[in-house]
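K.L.:
okay, here's the prediction I keep looking at, along with the sequence it came from:
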Amino acid sequence: METEKKKSILSGIQPTGVFTLGNYLGAIRNWKSMQDEFDCAYFVADLHSLTVRQDPADLKKRSLDAYRMLLASGLDPEKNLMFIQSHVPAHAELGWILSCYSLFGELSRMTQFKDKSAKHEDNINAGLFDYPALMAADILLYQADLVPVGADQTQHLEFTRDVANRFNGLYGDVFKIPEGYYGKTGARVMSLQDPTKKMSKSDTNQNAFISILDDPKVIVNKFKRAVTDSETEVAFREGKDGINNLMGIYSAVTGKSMDEITQEFAGKGYGDFKIAVGEAVVEELRPIQEEYARLLTEKDYVEACYKKGAETAAYVAGKTLSKVKKKVGLLPPAK
Ligand code: TYM
């Protein structure tokens, strides 16, 4: 009997700071749960980070830290293809080719572009605008079936599908059309200080986000300070953005439903609830923090992992890139 081919998964994360609880619950935790069932590729999207001005020494350090954090989060480099984006030149090459199939109008509509250009008015660069073409290249190079991301990336995924369809329409079936994969809980973790905004690692207010390496005491304190409302009931309903967010986090971490959470905290105040959320998050993150600390002493191992990852990724991505170059009519180099 023919064995069924595993579906392929690809996802990436920018090394713009220590990962947040949002990154973890929205993406990385799902990546981990997929590693046995699927063929997975995960990478540190350092080229994407250049769209916002970075301190070079800092970026270099954060890229290594980010790779180590992926390992510490339980992703196994023997089971998954794990690499750093800039180590695989095919990403930049296909990114360029796909920019030539991306339309000004559709790129202008991207929410992330609008948000980031408002935030960095002095540096609205072409890379920021073209960001989705590079992201499409990341995904399409590996012929991914599924892309596990948080809800904030939906628009970029739709764009990827549009570009892939446009390209396939012109040249035949070159790219697999990927689907987004969103976890049941945690797909949109909001800021603890402004629960109408997503939790982000680049937020200037440290109390707005939980880093996965925050000290346990800091985590509980940040939850204690989380913005809620003037009511007292722990219940999930419209208008209670802060409580809804905390319930979402607690549910993602404990597996309890919203009703169960409401019952658990019936008659208790927000104070008790916030502490419980903080403590549950501390327990969830504890093994990651311990493994991260251990990996700090395993420099050679970490380096060997991303070296091997880049070699395999270059091979896989190279196959798609060659096909693309041939289709669009680029003359192959002489042998
Ligand atoms: P990035 O680095 O902003 O975030 C990495 C992942 O974390 C998810 N995420 C969240 N999920 C829930 N709640 C939040 N508050 C939250 N904040 C972030 C993101 O949805 C993402 O899944 N463009 C991507 C990186 C990228 C990529 C790719 C992803 C580059 N190429 C190819 C997938 C496939 C980004 O900036 O993610």
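P.N.:
Yep, that arrived. Numbering: from 1, shown residues only.
K.L.:
now Met82: closest residue in space that isn't a chain neighbour?
P.N.:
Closest residue to Met82 in three dimensions, ignoring its sequence neighbours and counting by C-beta to C-beta, 6 or more residues apart in numbering: Gly309, at 4.6 Å. The way it works is simple: take the backbone N, C-alpha and C, and place the C-beta from them, glycine included.
K.L.:
assign the one you found to helix, strand or coil.
P.N.:
Of the three states, Gly309 takes helix under DSSP: H, G, I helix; E, B strand; the rest coil.
K.L.:
then Phe273?
P.N.:
When classified by three-state DSSP, Phe273 comes out as helix.
K.L.:
name the helices or strands packed onto the helix or strand hosting Ala252?
P.N.:
Ala252 is located in helix 241-254, with elements delineated by DSSP states H and E. In terms of contacts (3 or more C-beta pairs under 8 Å, 6 or more residues apart in numbering; DSSP states H and E), helix 241-254 is packed against helix 258-264, helix 270-295.
K.L.:
buried deepest among those, which one?
P.N.:
helix 270-295 (a mean of 17; mean count of other C-beta atoms under 10 Å).
K.L.:
ok, back up a step: ok, the helix holding Ala252 near the ligand or not?
P.N.:
No - Helix 241-254 does not reach the ligand (C-beta under 6 Å from any ligand atom); its nearest approach is 9.4 Å.
K.L.:
any idea of the mean pLDDT in that helix?
P.N.:
Averaged across helix 241-254, pLDDT comes to 96.
K.L.:
show the end-to-end separation of stretch 7-26, please.
P.N.:
End-to-end distance of stretch 7-26 (C-alpha to C-alpha, to the nearest Å): 20 Å.
K.L.:
check which residues of it are buried.
P.N.:
In terms of neighbour count (16 or more other C-beta atoms under 10 Å), stretch 7-26 has its buried residues at 8-26.
K.L.:
likewise stretch 82-92?
P.N.:
Within stretch 82-92, the residues scored as buried using 16+ other C-beta under 10 Å are Met82, Phe83, Ile84, Gln85, Ser86, His87, Val88, Ala90, His91.
K.L.:
give me the pLDDT for the third one.
P.N.:
What it means is Ile84. Confidence at Ile84, expressed as pLDDT, is 98.
K.L.:
for it, give the beta-bridge partners.
P.N.:
Under DSSP bridges, the beta-bridge partners of Ile84 are Val44.
K.L.:
pretty sure it sits against Lys60.
P.N.:
No - here Ile84 does not reach Lys60: they are 10.6 Å apart, not a contact under C-beta atoms under 8 Å.
K.L.:
and the buried residues of stretch 82-92 as a markdown table, adding distance to Phe43?
P.N.:
As requested, the buried residues of stretch 82-92 are exported to a markdown table (distance: C-beta to C-beta, whole Å):
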| residue | distance to Phe43 |
| --- | --- |
| Met82 | 7 |
| Phe83 | 5 |
| Ile84 | 6 |
| Gln85 | 5 |
| Ser86 | 10 |
| His87 | 9 |
| Val88 | 8 |
| Ala90 | 12 |
| His91 | 9 |
